[in-house]
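J.: build me a structure from this.
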Amino acid sequence: MKQMVSVLFVCLGNICRSPMAEAVFRHYVQQEGLSDKIQIDSAGTYHGHVGQPPHHGTQQVLKENQINYDGITAREVQKEDLERYTYVIAMDDQNIRDLTRLVDNRIPTIHRFVDFIPNTTYQGVPDPYYTGDFQETYQLITAGCQHLLATIKNEQGWN
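T.: You can find the predicted model right below:
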């Protein structure tokens, strides 16, 4: 029997992209009946938003798509997170660099979110805090979360 799989989504402030990914991925995991097998969380590399709920733009796009985000509040990623989670998934290359510095430049297994999206030309998930385009971010997040879940199910033999 396989152990519990844990997934941590990481972005800069943990108010836009990573909480959106946490909520969307949680939604898909619940739909598949795998909530007892996959633990999901999100965090940010920046401490300035700790304790805050998701950005209103993230809340809006999740509401429009009937995805629950209850209980999600921003937190700062901790060094221990990089060892505790099965999958640490960063939204862009700057997040990967910040995470790598947390562990004294050892290279932990950090995945780039867009690498789970087949045939994408995106190098990272654009930050809607700066672009204002929460819909673009949501579309990338849903595609990546669907493929991430398929990857995990395949690796765990849950198909």
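J.: chain neighbours aside, what residue packs nearest to residue 41?
T.: Distances taken as Cβ to Cβ, 6 or more residues apart in numbering place residue 8 nearest to residue 41, at 5.2 Å, with adjacent residues excluded. C-beta here means a position set from N, CA and C on the backbone, and glycine is covered the same way.
J.: dump the residue contacts of that neighbour.
T.: Contact analysis of residue 8 by Cβ atoms under 8 Å, 6 or more residues apart in numbering lists 41, 42, 43, 77, 81, 85, 87, 88, 89.
J.: my guess is the first one is in a strand, correct?
T.: Yes: read with DSSP: H, G, I helix; E, B strand; the rest coil, residue 41 is one of the residues of a strand.
J.: that older thread, who's the residue nearest to residue 41 bridged to?
T.: residue 41, residue 88 (DSSP bridges).
J.: what comes up buried for the helix or strand of the chain at the bottom of the mean pLDDT ranking?
T.: Across the helices and strands of the chain, mean confidence by mean pLDDT, DSSP states H and E is lowest for helix 81-84: a mean of 90. Within helix 81-84, the residues scored as buried using 16 or more other Cβ atoms under 10 Å are 81, 82.
J.: if we can go back for a sec, by neighbours, which of the contacts of residue 8 wins?
T.: Of all the contacts of residue 8, residue 42 has the most neighbours under the rule other Cβ atoms under 10 Å, reaching 28 neighbours.
J.: now do the contacts for that one.
T.: Contacts of residue 42 by Cβ under 8 Å, 6+ apart are 8, 9, 10, 11, 14, 18, 19, 21, 22, 72, 75.
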